[in-house]
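In: Predicted coordinates and the sequence they were generated for:
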Amino acid sequence: GGRACARRKGGARGEREVEDGSAVDARDAEGKGAGGGGGHSRGGGGGGGGVSFFTHVLREIVSTERDYVADLLHLHEELAEPALALADEVDLSSPVRVVLCTLQVLHQIHAELLDRLLTALHSPPGGATSRALASAFESQLRWFGTYELYCTHVGNAVKEMHLLRQKLSCAAFAHVLESFLAHPKTRGLNVEQFLLKPFQRVTKYPLLLRQLLKGTDTAHIARGEHLTP
């Protein structure tokens with residue numbers, strides 16, 4: 001019973017986009033087309049060929065979310081699942097077990113968020129994009145409490161993983177960590193650096209959303225209307 005972790009349905013489309021990056025790349029090519037120059041105009045008007053500041057920031061959110069989902073998938077497949085499979089032979093402490101299980105949940109949350117962000121990116125310009133973007137975050141907001149659980153335990157989990165790695169009786173767990181560290185997708189980072197990625201990502205959302213507001217016509221707020229990029 002020690003291996004069971006709660007699961008949520010993830011976004012299949014979001015996971016496909018992690019593999020090929022086609023959605024953002026295609027949109028980038030579209031933005032660099034006839035207008036050339038790549039300037040970013042603020043607001044929704046702008047007759048030049050440049051991409052609006054709102055669209056530029058939205059693309060950044062989608063691109064970095066795609067990278068984050070790829071890292072969560074890597075943590076889930078190459079660290080969490082193999083380590084939890086050893087729960088019957090290795091005494092995994094509560095912080096380690098909580099963090100590994102939470103990684104699975106975070107991957108499902110953000111695969112679905114990525115799916116919804118891609119819908120926003122492909123929405124017709126104007127209010128539809130803003131509504132789809134707001135809906136994407138609103139739909140997943142209730143699950144963001146998972147980060148409180150993760151951040152509470154991740155520090156102790158990292159320390160205890162290091163201790164387990166050094167125990168002769170935990171050679172199987174040490175092998176899981178060594179395999180994870182040697183994997184190309186780990187990119188030479190250590191376990192602590194990779195496990196801190198969820199903390200780094202969740203604290204970046206306010207900054208990205210404030211940037212979006214800079215490219216949004218906020219005059220509509222006072223009238224209770226949807227924001228329009």
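Out: Yep, that arrived.

In: Show the backbone phi and psi for Ser52.
Out: Per-residue torsions, Ser52: phi -70, psi 150 (degrees, to the nearest 10).

In: what about it, neighbour count?
Out: Using other Cβ atoms under 10 Å, Ser52 has 21 neighbouring residues. All C-beta spots, glycine's among them, are computed from the backbone N, C-alpha and C.

In: can you give me the strands for the protein?
Out: For the chain, the strands defined by DSSP state E cover 40-41, 51-52.

In: show me where the protein has helices.
Out: For the chain, the helices defined by DSSP state H cover 12-20, 22-31, 53-75, 81-84, 94-121, 127-141, 146-166, 171-182, 191-195, 197-202, 205-214.

In: Go through those helices and name the closest to Cys5.
Out: Distance to Cys5, taken as Cβ to Cβ, is lowest for helix 94-121 among these, at 3.6 Å.

In: wait, what's in contact with the closest residue to His74 other than its chain neighbours?
Out: Excluding the flanking residues, the one nearest His74 by Cβ to Cβ, 6 or more residues apart in numbering is Lys185, at 4.6 Å. Contacts for Lys185 (Cβ atoms under 8 Å, 6 or more residues apart in numbering) come out as 70-71, 74, 78.

In: Could you identify which of the strands of the chain has the lowest mean pLDDT?
Out: Between those, the lowest average pLDDT goes to strand 40-41, which shows a mean of 54.

In: now Asp88: how far from Ala172?
Out: Distance, Asp88 to Ala172, by Cβ to Cβ, to the nearest Å: 11 Å.

In: more neighbours, these two?
Out: The neighbour comparison of Asp88 against Ala172 (other Cβ under 10 Å) goes to Ala172, with 14 against 10.

In: Arg59 versus the more buried one, what's the distance?
Out: 43 Å.

In: picking that back up, want to throw the helices of the chain into a markdown table with mean pLDDT and distance to Cys5?
Out: Shown next, in a markdown table, are the helices of the chain (pLDDT from 0 to 100; distance: least, Cβ to Cβ, whole Å):
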| stretch | mean pLDDT | distance to Cys5 |
| --- | --- | --- |
| helix 12-20 | 49 | 18 |
| helix 22-31 | 44 | 29 |
| helix 53-75 | 95 | 13 |
| helix 81-84 | 96 | 7 |
| helix 94-121 | 96 | 4 |
| helix 127-141 | 89 | 19 |
| helix 146-166 | 96 | 12 |
| helix 171-182 | 96 | 16 |
| helix 191-195 | 97 | 16 |
| helix 197-202 | 96 | 15 |
| helix 205-214 | 89 | 24 |
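
In: and Leu118, how far is that from Leu177?
Out: Going from Leu118 to Leu177 by Cβ to Cβ gives 33 Å.

In: what about these two, which has more around it?
Out: Shown here are Leu118 and Leu177; by other Cβ under 10 Å, Leu118 has more neighbours (24 against 19).

In: what's the neighbour count on the closest residue to Val105 other than its chain neighbours?
Out: Computed as Cβ to Cβ, 6+ apart, the closest residue to Val105 that is not its neighbour in sequence is Thr146, at 5.5 Å. Using other Cβ under 10 Å, Thr146 is surrounded by 19 other residues.
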